[in-house]
Each structure stands twice: as C-alpha cells, then as structure tokens.
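Participant: this one's sequence-less:
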C-alpha cells in the first residue's frame, strides 16, 4: 500500500482539496486498494473542523467528495506512516522538516515541484481564489499519480 499525505497550514483549504482530488483520481483509475490518501495541517488552529466553505464549494462543483474530512494536525508519526508527504508551499515544507527532525525524508515534496510551475500553491484562505488553487491542485495531483505509478506501481 502506498500512502500519500497532503499538508498545508490549517488543513481546511489546500490539503483537503488535494486529498479529495487525488482520491478521485485514484478511484477513477481503480487504484483504491493500492493507494491511501489523507491530509493534515502544520498548525492546530482548525482541528476537527470541516474544510473551508470555499473548498467544499469547489469540490462539489467538480463532483469531488469531501465525505469524512476533518482537519487534523501533522504528527511525528506521519513521517513513518506515509510514503509521500506533499507540502503545499515552502513554509509547509520547512515546518514538516522541522517537526520530523529529518531533513532526509526521501518523499517530502513541495507540491508544485511535480509540475512546470515551480512555485507555491497560493492559500485561498487569504487570496479568495479557490479556482486558481483547484486548477493547480488538479495538475499537481495528476503529476503525483503519474510519479507514483512510475515509481511504485509499474514495477
């Protein structure tokens, strides 16, 4: 089983959006039994809360399920429990590495480094632009799935 964790600041906008989109892509390719998906935040601000209404609206618009999603905080155990830990921006990557105390975790990746954008995923909590975030998340999720299929599933 390959396990993927998406991480943002509060786990109510970007990372749950990525969790939902990636889960849908995994389901569409009938890889549900081979890939598990979760999300977390580096802060404890929203623990137990559902995704932001803007995220929920955008996911519903694209018929992506948000069922069962509730914010949680990243833990030290996530370093060993997940094969791919995907940070939405440079600050998230720094916070992840700081918590793990292991700068060599092989699969801590800044999300859009998987694409040609080479930038951070903007936080729609602050920008208000959930469409831009969705578009970048969708592209990143497709690239991540291609990477996982190449590295782990097509051997």
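Facilitator: That came through fine. All values reported here derive from a predicted model rather than from experimental measurement. Residues are numbered from 1 along each chain as shown.
Participant: Can you show me the helices along this structure?
Facilitator: Assigned by DSSP state H, the helices in the chain fall at 14-28, 53-61, 78-81, 90-100, 124-127, 130-148.
Participant: Pick the most buried one from those.
Facilitator: helix 14-28 (a mean of 24; mean count of other Cβ atoms under 10 Å). To be clear about C-beta, it is placed using only N, CA and C from the backbone, and glycine gets the same treatment.
Participant: Taking helix 53-61 as reference, get the angle to that one.
Facilitator: 20 degrees (axes from the mean of the first three to the mean of the last three Cα atoms, to 10 degrees).
Participant: tell me what helix 14-28 is packed against?
Facilitator: strand 2-8, strand 35-41, helix 53-61, helix 130-148 (3 or more Cβ pairs under 8 Å, 6 or more residues apart in numbering; DSSP states H and E).
Participant: so can I have TSV of those showing mean pLDDT and distance to residue 29?
Facilitator: Listed next are the helices and strands packed on helix 14-28 as TSV, based on pLDDT from 0 to 100; distance: least, Cβ to Cβ, whole Å:
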stretch	mean pLDDT	distance to residue 29
strand 2-8	97	13
strand 35-41	98	9
helix 53-61	98	19
helix 130-148	97	7
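Participant: Out of those, the one nearest residue 75 is which?
Facilitator: strand 35-41 (7.7 Å; Cβ to Cβ).
Participant: Need the contact partners of the closest one.
Facilitator: Residues outside strand 35-41 that contact it (Cβ atoms under 8 Å, 6 or more residues apart in numbering): 1-12, 15-16, 18-19, 22-23, 26, 69, 71-75, 78, 82, 148.
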